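# based on what follows, work out the 3D shape:
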Amino acid sequence: MLVLHYAPDNASLIVRLALEEARLGYTTALVDRSTHAQQSAAFRALNPAGRIPVLVTPEGPLAETGAILLWLSEQAPQLAPAVPRGLFLQWLFFLSNTAHPEMRALFYPHLYADEAGRETHLAHTRTRFTAALRLIEAACAERPALFAAPSVLGAYVVAFLRWSVLYARPEGWFALADYPAVAAMARDWEGRNSVAALCRAEGMAPAPFTAPAPPDPPEGVAL
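I've put the predicted structure just below:
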């Protein structure tokens with residue numbers, strides 16, 4: 001049985017979507033961020049970096065969102081889009097290595113710049129993340145199959161849309177209407193059973209990607 005170590009509205013939601021789409025049996029274990037459980041010795045035994053998510057597999061614990069998604073796509077091939085494998089890998093690594101770090105830098109500017117340089121840091125980071133979103137929009141318009149459910153690429157991107165509204169600074173900088181192909185893809189995802197399961201498990205309102213609201217999780221705390 002797979003075990004997803006998660007926190008509400010964290011990167012683990014991407015893995016939860018993939019697990020639901022794959023219909024792989026799994027259980028969850030809350031990592032309580034209110035007590036910094038991700039820094040505990042018990043959690044660091046699973047992931048020495050102290051970051052969520054971790055998926056415990058028959059092969060052992062697996063960390064890093066991109067690595068988990070790649071492993072899951074090998075267990076459930078429907079999670080990989082119907083495109084050449086090299087193209088799939090290119091986009092998976094783009095999302096995990098380029099776009100996701102910029103998103104993190106928008107969430108936690110205090111980790112990247114002192115107070116005097118914070119606004120400059122945020123402005124530059126927004127510029128880089130917006131450039132990444134424009135590349136995703138162009139790819140989504142040209143090759144919708146890349147991100148269409150149940151592709152793990154789409155699961156990754158819809159999380160970015162949610163977080164850009166709720167957590168990235170300053171409020172109001174992101175407009176989904178600027179990315180029509182991505183918005184259409186996200187609306188399609190919102191009709192999936194996997195998203196309904198996510199909303200129930202993590203206390204999210206309907207339309208969690210196109211009209212996100214702060215979650216009210218039944219356990220744990222969000223970002």
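# now the lowest-mean-pLDDT helix or strand in the chain: buried residues?
Within the chain, no helix or strand scores below helix 100-107, which has a mean of 92 by mean pLDDT, DSSP states H and E. Buried residues in helix 100-107, counted by 16 or more other C-beta atoms under 10 Å: His100, Glu102, Met103, Arg104, Ala105, Leu106. C-betas here are computed from N, CA, C, even on glycine.
# neighbouring contacts of stretch 206-223?
7-10, 30-34, 107, 158-159, 161-163, 165-167, 176, 183, 186-187, 189-190, 195, 198-199, 201-205 (C-beta atoms under 8 Å, 6 or more residues apart in numbering).
# mean confidence score for it?
Across stretch 206-223, pLDDT averages out at 94.
# coming back round to it: quick one: the least confident helix or strand of the chain to chain centroid distance?
Between the centre of helix 100-107 and the centre of its chain there are 11 Å (C-alpha atoms, centre = their mean, to the nearest Å).
# go ahead and name everything in contact with that helix.
Contacts of helix 100-107 (C-beta under 8 Å, 6+ apart): 11, 65-66, 111-112, 121-122, 125-126, 128-129, 132, 156, 160, 163-164, 167-169, 223.
# only the buried subset of those residues, as a ChimeraX command please.
To isolate the buried members of the contacts of helix 100-107 in ChimeraX, using 16+ other C-beta under 10 Å:
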select :11,65,66,121,122,125,126,129,132,156,160,163,164,167,168
